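J.: Need the 3D shape of this:
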Amino acid sequence: MCLAVPGRVLDIGEKDGTRMATVDFGGVQKEVCLEYLPDLQVGEYAIVHVGFALQRLDEESARQTLELFEQLGMLQEEFGDPWEQAAAQAGADAPWPFADEPAVAAPQEEVQP
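T.: Numbers count the residues shown, from 1 in each chain. Here you go, the predicted model:
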């Protein structure tokens, strides 16, 4: 699922001619394009979807939304580690997908006396 998540602008710069920002989403920081909100400033909040800041948001609304997303586990779903998420979906007792294949040892370096 892709959410539009509120985040706070930490810094603003330019990358390859595009106005970009580092945005904090309740502890997770991502790089975000500011081309749709060219006057957004450091410290302000915006709703971000697929890496684009789409709409300015007041701080209280942003905090309430982030709290709700956190309670529902949606921030972890959106920003969590994809490997951890895949393991959780497979179940803790799921076998390694290549368990029936023989293990291949890494080549050992020869030690010269």
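
J.: Look through every helix and strand of the chain and give the one with the lowest mean pLDDT.
T.: Of all helical and strand segments in the chain, the minimum by mean pLDDT, DSSP states H and E falls on helix 82-90, at a mean of 58.

J.: now the strands for this protein?
T.: Ranges of strands in the chain, per DSSP state E, are 4-15, 18-25, 28-33, 45-49, 52-57.

J.: neighbours around residue 28, how many?
T.: Using other Cβ atoms under 10 Å, residue 28 is surrounded by 14 other residues. Heads up, the C-betas are built off the backbone N, CA and C, glycines and all.

J.: Please report the distance of it from residue 66.
T.: Per Cβ to Cβ, to the nearest Å, residue 28 is found 10 Å from residue 66.

J.: for residue 45, same thing?
T.: Between residue 45 and residue 66 the distance is 9 Å, computed by Cβ to Cβ.

J.: the longest helix in the protein is where?
T.: Counting by DSSP state H, the longest helix found in the chain is helix 59-72.

J.: sorry, back to before: between residue 45 and residue 66, what contacts are shared?
T.: Jointly contacting residue 45 and residue 66 under the rule Cβ atoms under 8 Å, 6 or more residues apart in numbering are residue 6.

J.: Which one's more surrounded, these two?
T.: residue 45 (24 against 21).

J.: pretty sure that one contacts residue 5?
T.: No: using Cβ atoms under 8 Å, residue 45 is not in contact with residue 5, being 10.5 Å away.
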